[in-house]
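**Q** Structure for this input, please:
(2 chains)
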Amino acid sequence: KQEVTQIPAALSVPEGENLVLNCSFTDSAIYNLQWFRQDPGKGLTSLLLIQSSQREQTSGRLNASLDKSSGRSTLYIAASQPGDSATYLCAVIRNQFYFGTGTSLTVIP
Amino acid sequence: EPEVTQTPSHQVTQMGQEVILRCVPISNHLYFYWYRQILGQKVEFLVSFYNNEISEKSEIFDDQFSVERPDGSNFTLKIRSTKLEDSAMYFCASKPGSIDTQYFGPGTRLTVL
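**A** Numbers count the residues shown, from 1 in each chain, chains lettered A, B, ... in the order given. Below you'll find the predicted structure:
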């Protein structure tokens, strides 16, 4: 059974800092991997989708990488802002989504 | 931009009552999903639906749960006799094709008293 783990569970950084969120998964037979943002009490906002044949995707200040062989993905956030404060979820995708527990990010002004 | 919508945003019910959570997927999508998130826990897959039938379901999706696409637009999740542990946020998702990403709705918060 696919297990998805995210480290750290919580992270607090000062505004402007670059940061890395980690996601690991146990079964490398995935189709895609997707990073989401979830604000308190809200739904899921898709950030980046990495197809299994790709190694990374970039959108603005966000860069996500995927290493299937090692079962890892990272989400890099450059020049963090207070508006980036949220929970970040990674999900590996085969026939369904397998979600990690998330990293709760707080960016301090 | 088209969105998945869900109603109601918050549903409060008594234990043992039936609830129906409603979703309107994006109009040209063919694959439909329900997920739930108990407060403080992971988002968990419940069921996938394609071509008017369930294609996959998790161990959570027992006989108390059912899904239906009663018309061309709605996709519903019914919980027959709610339990306290059914309290969670329920997310609907849809996608156009088998290899595409899923688009998630804003969720329905279900509170069972």
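
**Q** Low-confidence stretches in chain A?
**A** Counting by pLDDT under 70, not a single residue of chain A qualifies.

**Q** ranges for the helices of it?
**A** Per DSSP state H, chain A has no helices. Nothing in it meets that criterion.

**Q** can you list the residues of it near chain B?
**A** A:31-32, A:34, A:36, A:41-44, A:46, A:49, A:89, A:91, A:93, A:95-102 (CB under 8 Å from any CB of the partner chain). Where C-beta positions appear, they are placed from N, C-alpha and C, glycine not excepted.

**Q** filter these to the buried ones?
**A** A:32, A:34, A:36, A:43-44, A:49, A:89, A:91, A:93, A:96-102 (16 or more other CB atoms under 10 Å in any protein chain shown).

**Q** Which one of those residues is nearest to residue B:49?
**A** Nearest to residue B:49 out of these is residue A:96 (CB to CB; 11.7 Å).

**Q** Got phi/psi on that closest one?
**A** phi -140, psi 170 (degrees, to the nearest 10).

**Q** just checking, it touches residue B:45?
**A** Yes: Residue A:96 lies in contact with residue B:45 (CB atoms under 8 Å); the separation is 4.3 Å.

**Q** any shared contact partners between the two?
**A** Each of B:33, B:58 lies in contact with both residue A:96 and residue B:45 under the rule CB atoms under 8 Å, 6 or more residues apart in numbering or on different chains.

**Q** Spell out which parts of chain B neighbour chain A.
**A** Contact residues (CB under 8 Å from any CB) of chain B with chain A: B:33, B:35, B:41-45, B:48, B:55-56, B:58, B:91, B:93, B:99, B:101-107, B:109.

**Q** can you tell me which residues contact residue A:40?
**A** So residue A:40 contacts residue A:87 (CB under 8 Å, 6+ apart).

**Q** ditto for residue B:6
**A** B:21-24, B:90-92, B:105-108.

**Q** So what's the gap between stretch A:97-109 and the chain middle?
**A** How far stretch A:97-109 lies from its chain's middle: 7 Å, per CA atoms, centre = their mean, to the nearest Å.

**Q** how long is that stretch end to end?
**A** Stretch A:97-109 stretches 34 Å from its first residue to its last (CA to CA, to the nearest Å).

**Q** Of the contacts of residue B:6, which is the most crowded?
**A** Highest neighbour count within the contacts of residue B:6, by other CB atoms under 10 Å in any protein chain shown: residue B:92, with 29 neighbours.

**Q** Identify the residues contacting that one.
**A** Residues near residue B:92 by CB under 8 Å, 6+ apart: B:4, B:6, B:21, B:23, B:25, B:32-35, B:75, B:77, B:104-105.

**Q** which residues are in contact with stretch A:49-62?
**A** A:30-35, A:47-48, A:63-68, A:73, A:75-79, B:101.

**Q** Would you mind listing which of those are buried?
**A** Buried by 16+ other CB under 10 Å: A:30, A:32-35, A:47-48, A:63-66, A:68, A:73, A:75, A:77, B:101, out of the contacts of stretch A:49-62.

**Q** Just the ones of those residues in strands?
**A** A:32-35, A:47-48, A:63-66, A:73, A:75, A:77 (DSSP state E).

**Q** partner strands of the helix or strand of chain B with the lowest mean pLDDT, parallel or antiparallel?
**A** The weakest-scoring helix or strand in chain B, judged by mean pLDDT, DSSP states H and E, is strand B:103-104 (a mean of 88). With DSSP bridges as the test, strand B:103-104 is paired with strand B:88-95 (antiparallel).
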